[in-house]
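> structure for the following, please:
(one chain, ligands or ions: 1)
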Amino acid sequence: MGKYIVLLGPPGAGKGTQAEVLSEKTGLAHISSGDIFRENLKAQTELGILAQSFMNRGELVPDDVTIAMIRERLGRPDCSAGAILDGFPRTPAQAEALDKMLHELDGKVASVPYISVPTSILIERLSGRWTCRAQGHIYHSLYNPPKILGVCDEDGSELYQREDDQPATVERRIRVYFEQTSPLIDHYRKAGLLIEIDGTQSIEQVTTTLLAAVN
Ligand code: AP5
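Here you go, the predicted structure:
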């Protein structure tokens, strides 16, 4: 049975940073809904152009579009043993759809690490984030700087600041998270799947705690 791990946490909590390492250590595929939208935007697909208007406002892309996209991704062969879901589900309807999809794939949500970080820290993290243009590797000007300013250590591509990391959009994203996504914390707690992780620790400490929790 496939092992699917859902990473929950507000924007800037460190989901993408940790999903990258977890995927490496566990061999499970890393599925980031935000990355898939950004790849589609780069390729100017219909999905990317549609998603852009929501992302730039800090709003969620509609459930039907997002669910269809994740359904397609989960159906690919590299997800048959399971996956690390980063940024999905984000609404109760998405959580319900995920259960159905996994049931069809003979899998289930194995655990839900919730990376908890106070809002003041989130803003500092997002304002200092730099992302790699080619593959989405994540850096921070203070907490995880690249060896060469503006260049990705992994693939040498340019680092850029995400459009939705502008202060006004960050504020909106955090508000949307509390309104639409935070109810999932209780949902997964009641299901006995939630594992609370202190996301204010260093990147390495969070990784150690997470690995111990999911294994
Ligand atoms: P998405 O790309 O998923 O953004 P997000 O959830 O807002 O999360 P972020 O990527 O901003 O943060 P993160 O938790 O991954 O933190 P990171 O590791 O980068 O979504 C973008 C948009 O797409 C949404 O607003 C929405 O429009 C749309 N969308 C996506 N999924 C959707 C869905 N399911 N439904 C509908 N719409 C959807 O870390 C942040 C920074 O902090 C980095 O600089 C990092 O280096 C640093 N850092 C990380 N950990 C630490 C640490 N422990 N200590 C110090 N610094 C740290």
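
> host element of the residue in the chain positioned nearest to the ligand?
At 1.9 Å from the ligand, residue 34 is the closest residue in the chain, using C-beta to the nearest ligand atom. Bear in mind the C-beta positions are built from the backbone N, C-alpha and C, glycine included. Counting by DSSP states H and E, the element that carries residue 34 is helix 33-42.

> pLDDT of the longest strand along the chain, averaged?
Criterion DSSP state E: the longest strand present in the chain is strand 107-116. When pLDDT is averaged over strand 107-116, the result is 96.

> quick check, pLDDT for the residue nearest the centre of the chain.
The centroid of the chain falls nearest to residue 86 when counting by C-alpha atoms, centre = their mean (2.9 Å). For residue 86, the pLDDT comes out at 98.

> and residue 179, by the same measure?
97.

> how deep is it tucked in, by neighbour count?
By other C-beta atoms under 10 Å, 11 other residues sit near residue 179.

> try residue 183
Residue 183: 12 neighbours (other C-beta under 10 Å).

> roughly how far does it sit from residue 57?
21 Å (C-beta to C-beta, to the nearest Å).

> quick one on the thing from earlier: doesn't residue 85 make contact with the residue of the chain closest to the ligand?
No - Residue 34 is not in contact with residue 85 according to C-beta atoms under 8 Å; the separation is 11.5 Å.

> need the residues of the chain near the ligand, please.
9, 11-17, 33-34, 37, 54-55, 58-61, 66, 87-88, 90, 94, 125, 128-129, 138-140, 143-144, 164, 173, 199, 201-203, 206 (C-beta under 6 Å from any ligand atom).

> out of those residues, list just those in helices.
15-17, 33-34, 37, 54-55, 66, 94, 125, 173, 203, 206 (DSSP state H).

> make a ChimeraX selection of the buried ones in these.
Only the buried members of those enter the following ChimeraX selection, criterion being 16 or more other C-beta atoms under 10 Å:
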select :15,16,17,33,34,37,54,55,66,94,125,173,206
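
> can you tell me the SS state at the residue lying farthest from the centre of the chain?
Most distant residue from the mean C-alpha position of the chain: residue 148, 25.6 Å away (C-alpha atoms, centre = their mean). Here residue 148 is recorded as coil under DSSP: H, G, I helix; E, B strand; the rest coil.

> any idea of the pLDDT on it?
For residue 148, the model assigns a pLDDT of 97.

> using PDB, write out every CA atom in the longest strand of the chain.
Output of strand 107-116 as PDB, limited to C-alpha atoms (Å, rounded to 0.1, in the frame of the first residue of the first chain):
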ATOM      1  CA  GLY A 107      -3.100   4.000  -0.800                       C
ATOM      2  CA  LYS A 108      -4.000   6.200   2.200                       C
ATOM      3  CA  VAL A 109      -2.700   9.200   4.100                       C
ATOM      4  CA  ALA A 110      -0.100   7.700   6.400                       C
ATOM      5  CA  SER A 111       0.700  10.800   8.500                       C
ATOM      6  CA  VAL A 112       0.300  14.600   8.500                       C
ATOM      7  CA  PRO A 113       3.200  16.500   9.900                       C
ATOM      8  CA  TYR A 114       2.000  20.000  10.700                       C
ATOM      9  CA  ILE A 115       4.900  22.500  10.700                       C
ATOM     10  CA  SER A 116       3.900  25.200  13.100                       C
END
